[in-house]
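> A structural model of the following input is requested.
(chains A, B, C and D)
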Protein chains: 2
Amino acid sequence: MSVQERKERERAARERLIVATARELAEQQGWDAVTTRRLAERIEYSQPVLYSHFRGKREIIGAVALQGAAEMAAAVRATASAADGPRNRVTAVAHAYLDFAERNPAVYDAMFQLDGGLTFAAEDTPEPLKDGFAALLENLGEVAGDGVHPGLFTEVFWAALHGLATLTRAGRLPPAEAERRVELLVGRLAVA
Amino acid sequence: MSVQERKERERAARERLIVATARELAEQQGWDAVTTRRLAERIEYSQPVLYSHFRGKREIIGAVALQGAAEMAAAVRATASAADGPRNRVTAVAHAYLDFAERNPAVYDAMFQLDGGLTFAAEDTPEPLKDGFAALLENLGEVAGDGVHPGLFTEVFWAALHGLATLTRAGRLPPAEAERRVELLVGRLAVA
DNA sequence: ATTTGGATCCTAGCACCGCTAGACAAGTGA
DNA sequence: TCACTTGTCTAGCGGTGCTAGGATCCAAAT
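Numbers count the residues shown, from 1 in each chain, chains lettered A, B, ... in the order given. Sure, this is the predicted structure:
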């Protein structure tokens, strides 16, 4: 059985290599540059090998997105736990979110702009995605205010952050005043 | 000179036909289905004709985006002018914006998700885009609150609407509670 | 030790994409 | 009527995601 186990290990390692390489290539040159040919060449296998791990390019994007969701959840939790008081936590979460989006634009695209074939807001939503939302909920729910459902509040806050992240990065908003926009958003939405 | 004028008229008409057909096709089957071949076939000309009007597919997307921006600005102004009181106007604007995004998903994509080669937030930004932002500013600026720059407030409000629009349509947010999210957003952000 | 069978991987190719060079026809002015 | 410009089309380039079918290699069975 040892032989089979080794093969499975190697196969899993190659799958991780594919995802990591796709992510790396996307961050370096954008998702348009992530073609199945280039990706195959980088991992030093032929194209069809990709399709023995994933149904297609979409699923590779989805895998990068899941990895990103887990990292973002961790980043949010780490920043939030270092802040004291609900209000400071909210500010910290907002910054952690926007920083992640800015520092990992390709991963952020995989999560929210591209079609990774992932299901959101449903029962069969993959765990990392649910957990990413949970990380926001944990820290934002406490400033939802009386009579406001924490989940709903988190959705609105998240949507606002998402809007800021995407519009800023696409050049729709001047980056200079980013910090003041965050302050305004947190100041108005969060009920201390 | 009359012959030349007629030709110019016909040429302008054909250009409008291209944009209208691209938009129609995108709304019917999504932007992925808008290929230069299919588009050429629908307007009953060959592919190269498209390139005598536009530099490429990107510019066609941009033309649809500009058309959409003008329509959205008109929709926002029309809805806002029918509401009395600053607060009602803000709610009306939010609904007009989200309705437009929901009813014209392909146009909204052309404006904000796809690359139409347009410049935003700069001097050489095309007029319809500036005017679209102006339409928001006119109605949102009055509820920015003391000491808050109306432009900055509008940017934040717009970002929030954009986040709601995109996340909802991409299935990231359950559509059921859309109305309550708008209420929460307007209630918190707008200073009466 | 040899053979066999199955897993693994690659070469080659399909249909499609955005885009363009160059041939061809149609209409204009002399 | 003839030359010429203008407009349009056919054909094709290099690229895309994806897959069929054959070659190879290696573990298990004889």
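
> tell me which parts of chain A are close to DNA strand D?
A:3-4, A:34-38, A:47-48, A:51, A:56-58 (Cβ under 7 Å from any atom of the strand). C-betas here are computed from N, CA, C, even on glycine.

> Which members of those residues occur in helices, if any?
Among the residues of chain A next to DNA strand D, the ones falling in helices (DSSP state H) are A:Val3, A:Gln4, A:Thr36, A:Arg37, A:Arg38, A:Gln47, A:Pro48, A:Tyr51, A:Lys57, A:Arg58.

> of the residues of chain A next to DNA strand D, buried ones?
A:Val34, A:Thr36, A:Lys57 (16 or more other Cβ atoms under 10 Å in any protein chain shown).

> is it possible to export the residues of chain A next to DNA strand D to CSV including distance to A:Tyr108 and pLDDT?
Below are the residues of chain A next to DNA strand D laid out as CSV (distance: Cβ to Cβ, whole Å; pLDDT from 0 to 100):
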residue, distance to A:Tyr108, pLDDT
A:Val3, 41, 68
A:Gln4, 38, 75
A:Val34, 15, 98
A:Thr35, 21, 98
A:Thr36, 22, 98
A:Arg37, 25, 98
A:Arg38, 21, 98
A:Gln47, 27, 98
A:Pro48, 30, 97
A:Tyr51, 26, 98
A:Gly56, 21, 97
A:Lys57, 18, 98
A:Arg58, 17, 98
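
> Now do the strand or helix carrying A:Met111: everything it contacts.
Here A:Met111 sits within helix A:105-112, counting by DSSP states H and E. Contact partners of helix A:105-112, identified using Cβ atoms under 8 Å, 6 or more residues apart in numbering or on different chains, comprise A:23, A:26-27, A:30-31, A:61-62, A:64-65, A:67-69, A:71-72, A:100-101, A:116, A:162, A:165-166, A:169, B:166-167, B:170, B:172.

> These: which ones sit near DNA strand C?
Okay, of those, nothing touches DNA strand C (Cβ under 7 Å from any atom of the strand).

> Now, the residues you listed that are in helices?
Per DSSP H, the subset of the contacts of helix A:105-112 in helices is A:23, A:26-27, A:61-62, A:64-65, A:67-69, A:71-72, A:100-101, A:162, A:165-166, A:169, B:166-167.

> Show me just the buried residues among these.
Buried among those by 16+ other Cβ under 10 Å: A:23, A:26-27, A:61-62, A:64-65, A:67-69, A:72, A:100-101, A:162, A:165-166, A:169, B:166-167.
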